[in-house]
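J.: Coordinates for the following, if possible.
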Amino acid sequence: MPPLTDKQKKNIRQTSPGHDPAVIPPKPGLSEAIVRERTGVPAPGIEAPRRRVWIFWLMLLLMPVIFFAVLEGGLRLFHYGREHQFVLLRDGGGEKYYQLNRQVARRYFTGDGVAVPDARSEAFAYHKTANTYRIFCLGGSTTAGWPYQHNAGFPSQLQARLSLLFPDKNFEVINAGVSAINSFSVVEFASELVHYQPDLFLIYMGHNEYYGALGVASTQGGWKNRTLIKSYLALSRLKTFQLLRDFLALFKPKPQAAATGQTLMEQIAADKKISYGSEVYKKGVEFFAANLNEILQLLQEHQVPVLVGTLASNIADQAPFETVFSDKFTAQNQWKTAMDHGDAAFAAGEWGSAIAHYGAARALDELPAESIFKLGKCHQALGDFRQARLFLERGRDLDALRFRASSEFNQVIWQVCRQLQVPVVDTENRLAQACEGGLIGHSVMTEHLHPNKYGYFMLADAFCHAMAEHGLVVSSDQWPWQRDLPAATLMEQAYITPLEDAIAYERVRQLTGRYPYKQPRILQIDGDADYKAFIETIVAGVLRHAYGWNEGHYRVAEYLTERQRHEEAAAEYQAVIRVLPGNYYPYIYLANALISQNKHDEAEKALLTGARFSANLPFAFAKLGVLYMTQNLPNRAKPVLERAIGTAGNSTEFTNNDKARVHFLYALALAQTNEIAKAKNHIHIAARLDPGDPRIQNLMAQLQPIAP
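T.: A predicted model of the protein is given here:
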């Protein structure tokens, strides 16, 4: 065979698949499409395999995202978990309003058996009017007003003071304080509340930075990384995260708090010995500074004024809870001997000798808080208050159980606020001014740091004067101080009644009866033995939740009314009105107490207010009719009695006897204004409702001979 020419070779290459490395001869049973896919040669209408692979991996990656998105949506649809927003929209009688979420603190507390504190269910207007001045108060238990339930806290006393000074303005001083939370929570609260048309924020926080929820030494947190805490807070808003957290909680050992009666202080303190200057201590200060800075910058971005109060605590009468020694200190026995000698000298009133022994203990180791505190008490006894304050504050700062903020926290407040040009209210100094030698103690404090009602008044006073100084509400020179009242009168008009005191005292007794206190603090209300015994039963009922706080006040008022103590009874009703101003019920009984004191003008005002809040009920109108008829004012009585008759059918509690009396009074008013025909009609209705009432029969007999 002659050799192939170049042209023949070319033709063979073009027609023979075996000579083309890009083409594989087809195997029997394989379609052209499969062959093309395996060879990498795309066919018309079929995507390239690379794109298919990319789509496959994308779908694989998106599947968990889609799964969790569907899960999150389903959990939200069925309202799983907790309402995390701080402000809830409510509807009352067809009228919208806002209310703080009582359970908002559940964002930050996990695990069964932990006594999660409630926020106050403060309400404020949905439509803010032009003359409304809205103030949000942020902080922990002191802002919340603990141990008092209502009226004594500084937000309540501030609102009363402002309303007195500016009677034409509507002040909403909204207490957003929650016990056992710290600055991480306040950052979140501020970021939410700033969207509800605030005119001012007041901040009093810092005592809970170690043991409050998310604190660096708390059982409800304990993390030492701020970024981790912020990430946790962001994730906790997801229902899926809540589901996972609740699932994991099933495997945690159940605490025995309920069985042992542990207080919240006991439950939340994890690291009970935090030395001054330690890494944990520094983290608490660092987080507080960062959070305060974040809050203030947020408010400045929204152009909302803010006042920040300094922190006060009991330095004179609260000994350090925990004393610790420096690392590698080994002379504890020698230190204790010096302290024992100092205690003996102190008990004998030998202050100089006591100072020498306590000083010797201090020379051995400067970290133990006990020796520093007792040196302060010696100087206090000698009347050297300046030196005493230095020692007592230092003793507080060295206390290793950090339920009281150290002096460094106030330094942070001054420093951060100075940098951001935010006003500071020196509330600590205001309380110190009210104490002998400037040493804050039990004269203004209930225990280690919560003020009594006088201390809370001073906090309110300090914030009020700071508002004036910085030209809030109106310019500084226009503040109407001529309307102000003496402190004693303001305290009286705060309506912090003996029941409110007794509730607070019992809560203090329960708190101080357990760790970390050495012995319970017993406080007593004034009054005779029977009255105090009765109050104790009411306190027990309120704290056991057998009935509500307002019902407790009603029961005390009834007790006082039976004993003709009408002024005290009126104060109990006023206390409820301060908290529930839109409830008509206490206004009617307040009017009864005022009428018994011949304060008819005040009684009329109370009834008119009650009628405004119960326009479809007969009670306030009927009582007004009685009041006007006793004053011989039939023309004023007729319209309100007619209103009572028209609304009588709206209440099952308005009995036939009640209706009979209203018809009787209306008939009497009509007769006195010569409307005899109508008078006869209504006296007959009264007689049918209550045929046994002699007053009705007497008036009917008098009207019969009179021609219409």
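
J.: nearest residue to Y454 other than its sequence neighbours?
T.: Closest residue to Y454 apart from its sequence neighbours, by Cβ to Cβ, 6 or more residues apart in numbering: V444 at 5.8 Å. Glycine gets a C-beta too; all of them are placed from N, C-alpha and C.

J.: How about the contacts made by that neighbour?
T.: L431, A434, C435, P451, N452, Y454, G455, M458 (Cβ atoms under 8 Å, 6 or more residues apart in numbering).

J.: go with 10 Å
T.: V444 makes contacts with 312, 314, 430-435, 451-459, as judged by Cβ atoms under 10 Å, 6 or more residues apart in numbering.

J.: again with S185
T.: 86, 104-105, 107-108, 138-140, 178, 205, 208, 212-214, 233, 291.

J.: Just those residues: which are in helices?
T.: L233, N291 (DSSP state H).

J.: Of the contacts of S185, which is the nearest to A361?
T.: Nearest to A361, judged by Cβ to Cβ, of the contacts of S185 is N208 at 31.1 Å.

J.: So for the closest one, what's the nearest residue that isn't a sequence neighbour?
T.: In space, N208 is closest to N182, 4.2 Å off (Cβ to Cβ, 6+ apart).

J.: right, and that neighbour touches F288 too?
T.: Yes - in this structure, N182 is within contact of F288 by Cβ atoms under 10 Å, at 7.8 Å.

J.: which residues are in contact with both of the two?
T.: M205, G206, N208, E209, Y210.

J.: With neighbour count and distance to T647 as new columns, can these be given to me in a markdown table?
T.: Output for those, formatted as a markdown table (neighbours: other Cβ atoms under 10 Å; distance: Cβ to Cβ, whole Å):
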| residue | neighbour count | distance to T647 |
| --- | --- | --- |
| M205 | 28 | 48 |
| G206 | 30 | 52 |
| N208 | 30 | 50 |
| E209 | 30 | 55 |
| Y210 | 29 | 57 |
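
J.: Mind checking which of these land in strands?
T.: In strands, judged by DSSP state E, none of these are found.

J.: Out of these, which comes closest to F621?
T.: Of the shared contacts of N182 and F288, the one sitting nearest to F621 (Cβ to Cβ) turns out to be M205, at 47.1 Å.

J.: can you tell me how far the closest one sits from A546?
T.: 33 Å (Cβ to Cβ, to the nearest Å).

J.: Could you do R509 as well?
T.: Taken as Cβ to Cβ, the span from R509 to A546 is 19 Å.

J.: Please, where are all the strands along the chain?
T.: Going by DSSP E, the chain shows strands at 87-92, 95-100, 123-125, 132-139, 170-175, 200-204, 306-309, 424-425.

J.: okay, now the closest residue to V116 other than its chain neighbours: neighbour count?
T.: Among residues not flanking V116 along the chain, F109 sits closest, at 4.5 Å (Cβ to Cβ, 6+ apart). If you count neighbours by other Cβ atoms under 10 Å, F109 ends up with 21.

J.: What of E551?
T.: Residues near E551, counting by other Cβ under 10 Å: 14.

J.: In contact with it: list those residues for me.
T.: So E551 contacts I538, G541, V542, V576 (Cβ under 10 Å, 6+ apart).

J.: Run a quick neighbour tally on the nearest residue to the third one once chain neighbours are set aside.
T.: In this case it means V542. Excluding the flanking residues, the one nearest V542 by Cβ to Cβ, 6+ apart is G552, at 4.5 Å. Residue crowding around G552 was assessed by other Cβ under 10 Å; the count is 27.

J.: Local confidence estimate at G552?
T.: pLDDT, G552: 97.

J.: so what's it up against?
T.: Per Cβ under 10 Å, 6+ apart, neighbours of G552: 149, 499-500, 502-503, 535, 537-543, 546, 572, 575-576.

J.: and if we set it to 7 Å?
T.: Contacts for G552 were tallied using Cβ atoms under 7 Å, 6 or more residues apart in numbering; they are L499, I538, G541, V542.

J.: Show me the domain layout of the chain.
T.: Domain ranges of the chain: 6-39, 134-313+423-474, 332-398, 498-703, per automatic domain parsing.

J.: which stretch among those comes nearest I413?
T.: Of all the domains of the chain, it is domain 134-313+423-474 that lies closest to I413, at 5.8 Å by Cβ to Cβ.

J.: Please compute how far stretch 561-570 lies from its chain's middle.
T.: Relative to the chain's own centre, stretch 561-570 is displaced by 32 Å; criterion: Cα atoms, centre = their mean, to the nearest Å.

J.: Name the residues that touch it?
T.: A557, L560, L590, A593, L594, S596, Q597.

J.: could you dump the residues you listed to JSON lines with neighbour count and pLDDT?
T.: As requested, the contacts of stretch 561-570 are exported to JSON lines (neighbours: other Cβ atoms under 10 Å; pLDDT from 0 to 100):
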{"residue": "A557", "neighbour count": "28", "pLDDT": "97"}
{"residue": "L560", "neighbour count": "22", "pLDDT": "97"}
{"residue": "L590", "neighbour count": "26", "pLDDT": "97"}
{"residue": "A593", "neighbour count": "25", "pLDDT": "97"}
{"residue": "L594", "neighbour count": "24", "pLDDT": "97"}
{"residue": "S596", "neighbour count": "16", "pLDDT": "95"}
{"residue": "Q597", "neighbour count": "13", "pLDDT": "96"}
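
J.: Verify the stated contact: V285 with I413.
T.: No - the criterion here is Cβ atoms under 7 Å, and V285 misses it with I413 at 11.2 Å.

J.: May I ask you to confirm that H600 is in contact with Q631?
T.: Yes - if you go by Cβ under 7 Å, H600 and Q631 touch, sitting 6.5 Å apart.

J.: Those two - which one has more neighbours?
T.: Using other Cβ under 10 Å, the more surrounded residue of H600 and Q631 is H600, with 15 against 12.

J.: Would you mind measuring from the more buried one to R661?
T.: Distance of H600 to R661, computed by Cβ to Cβ: 19 Å.

J.: could you give me the average pLDDT of stretch 646-659?
T.: Mean predicted lDDT for stretch 646-659 stands at 94.

J.: Need the contact partners of stretch 684-694.
T.: Counting by Cβ under 7 Å, 6+ apart, N656, N657, K659, A660, H663, F664, A667, I696, Q697, M700 sit against stretch 684-694.

J.: Buried ones from these, can you make that a ChimeraX selection?
T.: To isolate the buried ones among these in ChimeraX, judged by 16 or more other Cβ atoms under 10 Å, type:
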select :659,660,663,664,667,696,700
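
J.: So which of the contacts of stretch 684-694 are in helices?
T.: Per DSSP H, these map to helices at N656, N657, K659, A660, H663, F664, A667, I696, Q697, M700.

J.: Out of those residues, which comes closest to A369?
T.: Of these, the one sitting nearest to A369 (Cβ to Cβ) turns out to be N657, at 68.5 Å.

J.: Contact partners for that closest one?
T.: D690.

J.: Check the one 10 residues further on too.
T.: Contacts for A667 (Cβ under 7 Å, 6+ apart) come out as A679, H682, I683, A686, L699.

J.: Would you convert the residues you listed into a markdown table that also reports distance to A400 and neighbour count?
T.: As requested, the contacts of A667 are exported to a markdown table (distance: Cβ to Cβ, whole Å; neighbours: other Cβ atoms under 10 Å):
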| residue | distance to A400 | neighbour count |
| --- | --- | --- |
| A679 | 81 | 24 |
| H682 | 78 | 25 |
| I683 | 80 | 26 |
| A686 | 76 | 27 |
| L699 | 80 | 22 |
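
J.: hang on, the earlier thing: from the contacts of G552, which two are the most distant?
T.: Of all pairs in these, the most separated under Cβ to Cβ is L499 and G541 at 10.9 Å.

J.: Compare these two and say which one has the larger neighbour count.
T.: L499 (24 against 15).

J.: What about the closest residue to the more buried one other than its chain neighbours, how many residues nearby?
T.: Nearest residue to L499 in three dimensions, chain neighbours excluded: V556, at 5.1 Å (Cβ to Cβ, 6+ apart). Residues within reach of V556, counting by other Cβ under 10 Å, total 25.

J.: check contacts around V556.
T.: L499, I535, I538, E572.
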